[in-house]
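Asker: just a sequence and a predicted model for now, questions to come.
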2 protein chains.
Amino acid sequence: MTKEKNTFDNFSCPLPFSETDTITIAHGGGGKVMNKLIENMFMHYLSNDIINEKHDGAIFNIGDQKFAFTTDSYVINPVFFPGGNIGELAVYGTVNDLSMCGAKPLYLSLGLIIEEGFHLKDLEKIIQSIKFACEKSGVQVITGDTKVVEKNKGDGIFINTAGIGIIRDDINISPSYVKPGDKILVSGDLGRHGIAIMSARENLEFESNIISDCAPLNGIVQKLIDANIEIHCLRDLTRGGLASALNEISTQAGVEIEIEENSIKVDEQVRGICEILGFDPLYVANEGRFTAFVKQKDSEKALGILKSKESGKDAAIIGTVSNKSKTGIVTLKSIFGANRILDMLSGEQLPRIC
Amino acid sequence: MTKEKNTFDNFSCPLPFSETDTITIAHGGGGKVMNKLIENMFMHYLSNDIINEKHDGAIFNIGDQKFAFTTDSYVINPVFFPGGNIGELAVYGTVNDLSMCGAKPLYLSLGLIIEEGFHLKDLEKIIQSIKFACEKSGVQVITGDTKVVEKNKGDGIFINTAGIGIIRDDINISPSYVKPGDKILVSGDLGRHGIAIMSARENLEFESNIISDCAPLNGIVQKLIDANIEIHCLRDLTRGGLASALNEISTQAGVEIEIEENSIKVDEQVRGICEILGFDPLYVANEGRFTAFVKQKDSEKALGILKSKESGKDAAIIGTVSNKSKTGIVTLKSIFGANRILDMLSGEQLPRIC
């Protein structure tokens, strides 16, 4: 059996990249540069009705059952950090993406890429954490794969999880359901995960007792659903933080969003470190926080549910979907009363946060 | 919100690893060392009814629909090789794992881990190949994720795909259905993928015109199913090759397997390179070959179906599941008439073949 040539020899590569254009850290940063790569490259070639929805997970039907399916790779550095490790994060991250579709997460896959020389005791801690996180979230790992790469061809361990969940037939949660008048809630204070990772990096010269907020969100989302809150959109506030999530939603939903800075809670220590480093906490990654767009009449009830959990004590209604016609715009009313446009993260604030 | 400590601080790490034990290349090799890690570490902590089946994919029911779910990470080096590239491989590999469960593959997830400095034109070729491979296999990528790691913390690009397929209610394909008397078929000649990769490695000093056999197997498996062949087990012959796959099946099914060397086809050039390098082609990885265990009465009909495809012209019935009581044993009757035990690959023959 011989083929004439490789399939890719026939490709013309028509996209406007030059031979010298390369991937930069910003291509993985969750901001504008990454979104441009997704739009111009991935969506250009891999477009279909399901992926085009650009939700945290893909939603599809088989028979009369609605499903959600999602994937994330975790390349966080360091792999052990205050409040968790890459194993827990890999479970919660995918559980949370399914939860943001309104799905009940059921099953996970687990793909490990391990660098030669990684300590087996550290791997054991990570696998134990995966077990712990699965039990905490009520999901099971049912299939897996292990690859090993040579020393200096990886960085300790990278983990991919993909997840499957089921969605109740009457639940429709997606940016396309966001409407003017919707109230915007945030489930807690912001910026802990990013600052916890940063303080755990060896080369940074400060110490804090900030711990990551990483946690599964399926329990609290299920509570909102069970209380018949009319939820229009959910999104977890990972890479790019609250600001990037709101920008994505306002663009995808074709609405304008107005939020109030003084309703957004940021821990004093987190704020202090952000000021020293020149970071805006609204762009810092979280791993256990989400935003919910709900019908106005249900917003106070939804807030009460979020606040009923210890981790939600700082939950708040932070803004509104406005009636104005400027779509894809997020306006922040600052604590001093002035309005400013809250743009999407343009590059990479802090690499390898998840 | 503060936690007292990390969850993993409470773990005792009871497994018998020392502080100095580390991951070696063999832990990803598909042989004995990898299987020991899977048994002693992953199955120890993550055991459940579905994962315990140890099939190429996980099989589960939701409502009255049977599903298969699988994942693989691809770390192949080089990413472009004679006959394909990492993008095609990542689609076919997961499509094939689903096919080995008797499933019709439907949807894939796509997780990219890209090293800073990777050329965008190369990424474009890979994404085009993924599109091509999806069309060829009749599947869709419906969700994805992109991470970027710093220069020298990865190796060009790693790809993870997970896949979902559906299984006809009356199809039961798994090592546990293998029975004495079953005939064992192989779908074509062996060793092309491994030798093609090897010849593409810069540091190896030989040239060949061998090209990888990488291809989707869902079409041919569907033909076997549609012809009502009573298939008991299917497995693709990737890491560890035919010998490791047969050893896994004989152990999982609790049977003895007998195969005949002279019925197994290996291309002369592949065999020549194997001899020079001291490799046994029965242990070399393939990416478009599988073994099928079928009821004896259906074996000739199944062979005819395999041979009806150009890529299956060298398909053959290579052996039998014996009645003998020694389980977990694979016996090879050599071309000289002598019998020898065909053991599992003990370490790593050729790293990063997939």
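Answerer: Thanks, I have the structure now. Numbers count the residues shown, from 1 in each chain, chains lettered A, B, ... in the order given.
Asker: residue of the stretch 251-354 of chain A closest to chain B, please.
Answerer: A:Ser311 (6.0 Å; CB to the nearest CB). Heads up, the C-betas are built off the backbone N, CA and C, glycines and all.
Asker: how much space is there between that residue and A:Arg289?
Answerer: To A:Arg289, A:Ser311 is 9 Å away according to CB to CB, to the nearest Å.
Asker: quick one, which of those two is more surrounded?
Answerer: Set side by side, A:Ser311 and A:Arg289 show more neighbours around A:Arg289, with 29 against 17, by other CB atoms under 10 Å in any protein chain shown.
Asker: the spatially closest residue to that one that is not a sequence neighbour: neighbour count?
Answerer: Leaving aside its chain neighbours, A:Arg289 sits nearest to A:Leu237 (4.7 Å; criterion: CB to CB, 6 or more residues apart in numbering or on different chains). The tally of other residues near A:Leu237 (other CB under 10 Å) stands at 29.
Asker: tell me the contacts of A:Leu237?
Answerer: Shown in contact with A:Leu237 (CB atoms under 8 Å, 6 or more residues apart in numbering or on different chains): A:Val186, A:Leu190, A:Ala245, A:Ala285, A:Asn286, A:Arg289, A:Phe290, A:Thr291.
Asker: also A:Gln128?
Answerer: A:Gln128 neighbours (CB under 8 Å, 6+ apart): A:Gly87, B:Phe8, B:Phe11, B:Cys13, B:Tyr45.
Asker: I'd assumed A:Lys125 was in contact with the third one.
Answerer: This points to B:Phe11. Yes: between B:Phe11 and A:Lys125 there is a contact under CB atoms under 8 Å: 5.9 Å.
Asker: okay, the two: which has more neighbours?
Answerer: The neighbour count for B:Phe11 versus A:Lys125, taken as other CB under 10 Å, is higher for A:Lys125 (21 against 15).
Asker: what about stretch A:216-229, near chain B?
Answerer: No: using CB under 8 Å from any CB of the partner chain, stretch A:216-229 stays clear of chain B, coming no nearer than 12.4 Å.
Asker: contact partners of that stretch?
Answerer: Counting by CB under 8 Å, 6+ apart, A:91-92, A:95-96, A:98-100, A:102, A:104-105, A:133, A:136-138, A:168, A:171, A:187, A:231, A:234, A:236, A:288, A:290, A:292, A:294-295, A:298, A:301-302, A:305-306, A:308-309, A:312 sit against stretch A:216-229.
Asker: and the pLDDT at A:Lys3?
Answerer: A:Lys3 carries a pLDDT value of 44.
Asker: equivalent analysis for the one 4 residues further on, please.
Answerer: The per-residue pLDDT reported for A:Thr7 equals 69.
Asker: so what touches the helix or strand hosting A:Ile184?
Answerer: According to DSSP states H and E, A:Ile184 maps onto strand A:183-186. Residues external to strand A:183-186 that are found in contact with it (CB under 8 Å, 6+ apart): A:237, A:242, A:246, A:257, A:259, A:264, A:289-296, A:299, A:302-303, A:306, A:315-321.
Asker: and if you look at stretch A:98-105?
Answerer: A:55-57, A:59, A:67-68, A:70, A:94-95, A:137-139, A:163-168, A:171-174, A:216-218, A:221-222, A:225, A:231, A:234-236, A:290.
Asker: excluding chain neighbours, what is closest to A:Phe11?
Answerer: B:Gln128 (4.7 Å).
Asker: try A:Leu37
Answerer: Spatially, and ignoring its direct neighbours in sequence, A:Leu37 is nearest to A:His27 (5.2 Å; CB to CB, 6+ apart).
Asker: that older thread, looking at the contacts of stretch A:216-229, which are in helices?
Answerer: Among those, DSSP state H puts A:91-92, A:95-96, A:98-99, A:133, A:136-137, A:301-302, A:305-306 in helices.
Asker: now restrict the residues you listed to buried residues only.
Answerer: A:Val91, A:Tyr92, A:Val95, A:Asn96, A:Leu98, A:Ser99, A:Ala133, A:Lys136, A:Ser137, A:Ala302, A:Ile305, A:Leu306 (16 or more other CB atoms under 10 Å in any protein chain shown).
Asker: what would those look like in JSON lines with pLDDT?
Answerer: Putting these into JSON lines (pLDDT from 0 to 100) gives the following:
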{"residue": "A:Val91", "pLDDT": "98"}
{"residue": "A:Tyr92", "pLDDT": "98"}
{"residue": "A:Val95", "pLDDT": "98"}
{"residue": "A:Asn96", "pLDDT": "98"}
{"residue": "A:Leu98", "pLDDT": "98"}
{"residue": "A:Ser99", "pLDDT": "98"}
{"residue": "A:Ala133", "pLDDT": "98"}
{"residue": "A:Lys136", "pLDDT": "97"}
{"residue": "A:Ser137", "pLDDT": "98"}
{"residue": "A:Ala302", "pLDDT": "98"}
{"residue": "A:Ile305", "pLDDT": "98"}
{"residue": "A:Leu306", "pLDDT": "98"}
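Asker: residues in contact with A:Gly156?
Answerer: Counting by CB under 8 Å, 6+ apart, A:Gly156 makes contact with A:Asn77, A:Val79, A:Ile114, A:Glu115, A:Phe118, A:Asp122.
Asker: hmm, I was thinking of A:Ser263
Answerer: A:Ala316, A:Ile317, A:Ile318, A:Gly319.
Asker: ok, now A:His232?
Answerer: A:Ile173, A:Tyr177, A:Val178, A:Lys179, A:Asp182, A:Phe293, A:Val294, A:Lys295.
Asker: so how far is B:Pro105 from it?
Answerer: 33 Å.
Asker: A:Ala26 now?
Answerer: 34 Å.
Asker: which of those two has more neighbours?
Answerer: Using other CB under 10 Å as the criterion, A:Ala26 and B:Pro105 rank with B:Pro105 on top: 29 against 21.
Asker: for the stretch 251-354 of chain A, which spans come out with low pLDDT?
Answerer: Within the stretch 251-354 of chain A, the ranges that satisfy pLDDT under 70 run A:348.
Asker: what parts of it come near chain B?
Answerer: Going by CB under 8 Å from any CB, the residues of the stretch 251-354 of chain A near chain B are A:Glu310, A:Ser311, A:Lys313, A:Pro351, A:Arg352.
Asker: go again using 6 Å as the cut-off
Answerer: A:Ser311 (CB under 6 Å from any CB of the partner chain).
Asker: and the strands in the stretch 251-354 of chain A, which stretches?
Answerer: Using DSSP state E, counting those that start in this stretch, the strands of the stretch 251-354 of chain A run over A:256-260, A:290-294, A:316-322, A:329-333, A:339-341.
Asker: helices or strands up against the third one?
Answerer: For strand A:316-322, the contact count by 3 or more CB pairs under 6 Å, 6 or more residues apart in numbering or on different chains; DSSP states H and E identifies strand A:183-186, strand A:256-260 as packing neighbours.
Asker: B:Lys153 is nearest to which of the ones you listed?
Answerer: strand A:183-186 (32.8 Å; CB to CB).
Asker: who's in contact with whichever helix or strand comes after the closest one?
Answerer: Sequence order places helix A:192-200 as the next helix or strand after strand A:183-186, per DSSP H and E. The contact list for helix A:192-200, computed with CB atoms under 6 Å, 6 or more residues apart in numbering or on different chains, reads A:78, A:81-83, A:204, A:208, A:210-213, A:270, A:273, A:284-287, A:350, A:353.
Asker: repeat for stretch A:304-312
Answerer: By CB under 6 Å, 6+ apart, stretch A:304-312 touches A:Ser187, A:Gly188, A:Ile220, A:Lys223, A:Leu224, A:Ala227, A:Ala315, B:Met1.
Asker: output that stretch as CSV - backbone C-alpha positions only.
Answerer: Once non-C-alpha atoms are left out, stretch A:304-312 reads as follows in CSV (Å, rounded to 0.1, in the frame of the first residue of the first chain):
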residue,chain,number,x,y,z
GLY,A,304,-30.4,34.4,48.1
ILE,A,305,-29.5,31.0,46.8
LEU,A,306,-25.9,31.9,46.0
LYS,A,307,-25.5,33.5,49.4
SER,A,308,-26.8,30.4,51.2
LYS,A,309,-23.4,28.8,50.5
GLU,A,310,-20.4,29.8,52.6
SER,A,311,-18.4,30.3,49.4
GLY,A,312,-21.2,32.6,48.1
